[in-house]
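In: sequence? don't have it. structure:
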Ligand code: HEM
């Protein structure tokens, strides 16, 4: 609000209000619908939920020691802790690949141009690109393109590696890349980690879940869930396993295989 425009004039209240509305319109439903698809996918992929829990409990343990964060009651994740949740970031990216909040986007050609494959684009042509379809193309993502596999976003099995914005187009690419991308990840990670630490999000049986194709890809009938409070005992295994125990366990497995 303290900034000045090119002529050194303060921005008007209308301008600032329009920016706020723009942020709300661009950022609210996109983030919330992404979380709905994410929780629905977790329900169908319990092993992914386990890995996320291990990661967030690891973060809690690091701050609170081996005893962990009790039942998670008052625990509020700090920005530097949210940053460490790389597997969660991978799982959210994977959810957005399969269920992008904006399923189709379009652009208008401002001057005559040509695509690398020779397709001629005349000024004024509308170009539509299907983000939903691109996220499921074998030629782009490989044979397992229909599977929910957060691991595809990890290098060395643990470091999150972002894909090119021209391959993973959920946030658009180029100069008009989503302005709120980093904020959206932060917000979704914070919300997902805070919920998962305290609750199991159980999708109601027989509740129909189908996409509703619109500007934002909502769930046609919403997502009906039950929040089941996590017992301390459920998280115990994540708090009590020390690193050396994991290594010993791995050796044990390798030896037995
Ligand atoms: C999962 C969450 C989100 C997704 C999937 C998403 C996706 C997108 C996409 C596809 C566009 C390009 C639209 C176009 O081509 O015109 C876009 C633009 C934009 N987004 Fe997001 N967005 C998300 C969250 C947010 C949040 C949280 C904010 C703000 C706080 C935000 C602010 C914006 C703005 C301002 C633009 C316009 C940028 C420009 O045209 O230069 N977005 N977003």
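Out: Alright, I've got the coordinates. What you see is a predicted model, and the numbers here were worked out from it, not measured in a lab.
In: ok, which residues in this structure are in contact with the ligand?
Out: Counting by Cβ under 6 Å from any ligand atom, the chain comes close to the ligand at 22-23, 26-27, 30-31, 34, 96, 101-102, 105, 170-172, 176, 178-180, 183-184. Glycine gets a C-beta too; all of them are placed from N, C-alpha and C.
In: what about the residue of the stretch 101-250 of the chain found nearest the ligand, neighbour count?
Out: The shortest separation between the stretch 101-250 of the chain and the ligand is 2.1 Å, found at residue 180 (distances taken as Cβ to the nearest ligand atom). The tally of other residues near residue 180 (other Cβ atoms under 10 Å) stands at 17.
In: Residue 205 too?
Out: 7.
In: That one belongs to a strand?
Out: No - when DSSP: H, G, I helix; E, B strand; the rest coil is applied, residue 205 is found to be coil, with no strand at that position.
In: surely residue 31 meets residue 189?
Out: No - Residue 31 is not in contact with residue 189 according to Cβ atoms under 8 Å; the separation is 10.8 Å.
In: Which one of the two is surrounded by more residues?
Out: More neighbours sit around residue 189 than around the other of residue 31 and residue 189, counting by other Cβ under 10 Å; the figures are 23 against 17.
In: Now the host helix or strand of the more buried one: buried residues?
Out: Element membership of residue 189 [criterion: DSSP states H and E] is helix 181-198. Buried residues in helix 181-198, counting neighbours by 16 or more other Cβ atoms under 10 Å, are found at 184, 185, 187, 188, 189, 190, 192, 193, 194, 196, 197, 198.
In: same check, this time on stretch 166-179
Out: Under the neighbour-count rule (16+ other Cβ under 10 Å), stretch 166-179 has 168, 169, 170, 171, 172, 173, 178 buried.
In: what about that stretch, how long is it end to end?
Out: Taking Cα to Cα, to the nearest Å, the first and last residues of stretch 166-179 lie 16 Å apart.
In: Give the full set of residues in contact with the residue lying closest to residue 45 once chain neighbours are set aside.
Out: Once flanking residues are discounted, residue 45 sits nearest to residue 148: 5.3 Å by Cβ to Cβ, 6 or more residues apart in numbering. In this structure, residue 148 makes contact with 41, 44, 45, 48, 94, 95, 98, judged by Cβ atoms under 8 Å, 6 or more residues apart in numbering.
In: List only buried entries from those residues.
Out: Burial of those was assessed by neighbour count (16+ other Cβ under 10 Å); the buried members are 41, 45, 48, 94, 95, 98.
In: Quick check: of the residues you listed, which lies closest to the ligand?
Out: Within the buried ones among the contacts of residue 148, distances to the ligand taken as Cβ to the nearest ligand atom reach their minimum at residue 95, with 9.4 Å.
In: ok now do that closest one, which residues does it touch?
Out: By Cβ under 8 Å, 6+ apart, the contact set of residue 95 is 34, 37, 38, 41, 148.
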